[in-house]
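Q: Kindly return the folded structure for what I paste below:
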Amino acid sequence: NEYKSYLSMNHVRELVLTFLLVCWVVLSAVEIPAWKIFDQDIYFKVIDPSEVAFLYRASPAKNFGRGFTKYYEHSLLIIADPINACSDFTNGDKVSGHFVLVERGECSFVEKVFRSEKAGAVGVIVYDNNSDNRSNLVAMVDDDTGKDITIPSLFIVGSDGFHIRRALSRRNLDSALINVPINITFTTDYQLNKPPWNKII
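A: I've put the predicted structure just below:
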């Protein structure tokens, strides 16, 4: 009886290990939605244009707006007009229902996201206005104006934002195609397709 019990326990242990291994393989191979909220880096992937089709690291707003509650696949990332989003959008008809790309400066982060949401955006990606910034993710914090914001917003480094804008400009496009957020929990560093311009040699 003890021998049978031992065999039974070993069988259960093998089944559990096999299940965990299968889960690890599946999760490593699939892009999984990441429901990350505040104080954690979030990743998104540009699908098109191809020359900027990489995985980008971003910092979510710290204490305003909301985190991601769903996964956006093949969503449009529209260039804001005006680019700093400090006044009403002139391309609100294009922005509505999509993400919007905004440049830092001239007004608070809250003001940019507020006006973006007012234009109908479902999310905002703000890039630093310093094109030489390749690593410093600025903390986007509330400006205490009491504006009600219900959409997520992300901050990316200047080099990423300017490369995306230049790629769109060269193709005479006003939007990119993105997947956001991306879960990289089970992805090793060498598997991450990061932008080459941010690599430190």
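
Q: switch to C-alpha atoms for all contacts and neighbour counts from now on
A: Fine.

Q: Who are the contact partners of residue 150?
A: Contacts of residue 150 were listed using Cα atoms under 8 Å, 6 or more residues apart in numbering, and they are 65-66, 117.

Q: Out of those residues, show me where the pLDDT dips lowest.
A: When these are compared by pLDDT, residue 66 scores lowest at 92.

Q: check contacts around residue 144.
A: By Cα under 8 Å, 6+ apart, no residues touch residue 144.

Q: Provide the secondary structure category for it.
A: coil (DSSP: H, G, I helix; E, B strand; the rest coil).

Q: What segments of this protein are strands?
A: Assigned by DSSP state E, the strands in the chain fall at 42-48, 55-60, 72-79, 99-103, 123-127, 153-156, 175-182.

Q: now the third one against strand 175-182, angle please.
A: By that I understand strand 72-79. 130 degrees (axes from the mean of the first three to the mean of the last three Cα atoms, to 10 degrees).

Q: Over to the fourth one?
A: Orientation check (the same axes, to 10 degrees): strand 99-103 against strand 175-182 gives 100 degrees.

Q: and strand 99-103, which strands flank it?
A: strand 72-79 (parallel), strand 123-127 (parallel) (DSSP bridges).

Q: okay, those, which one's buried deepest?
A: Stretch with highest mean neighbour count among these: strand 123-127 (a mean of 26; mean count of other Cα atoms under 10 Å).

Q: can you pull the contacts of residue 115?
A: Contacts for residue 115 (Cα under 8 Å, 6+ apart) come out as 85-89.

Q: between those residues, which has the most around it?
A: In terms of neighbour count, residue 85 stands highest of those at 28 neighbours, by other Cα atoms under 10 Å.

Q: Thought residue 112 was touching it, still the case?
A: Yes - the pair residue 85 / residue 112 is scored as a contact, 5.0 Å apart, by Cα atoms under 8 Å.

Q: Which residues are in contact with each of the two?
A: With Cα under 8 Å, 6+ apart as the test, residue 85 and residue 112 both reach residue 102.

Q: wait, what's in contact with residue 66?
A: Counting by Cα under 8 Å, 6+ apart, residue 66 has contacts 37, 149-153.

Q: which stretches of this protein form helices?
A: Here the chain has its helices, by DSSP state H, at 2-29, 92-95, 109-118, 158-170.

Q: coming back round to it: so for the contacts of residue 66, which is the shakiest by pLDDT?
A: Of all those, residue 37 carries the smallest pLDDT score, 40.

Q: picking up where we left off before, return the member of the contacts of residue 115 nearest to residue 123.
A: residue 85 (13.1 Å; Cα to Cα).

Q: now the strands paired with strand 99-103 as a markdown table including distance to residue 197 and mean pLDDT?
A: Output for those, formatted as a markdown table (distance: least, Cα to Cα, whole Å; pLDDT from 0 to 100):
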| stretch | distance to residue 197 | mean pLDDT |
| --- | --- | --- |
| strand 72-79 | 21 | 97 |
| strand 123-127 | 15 | 98 |
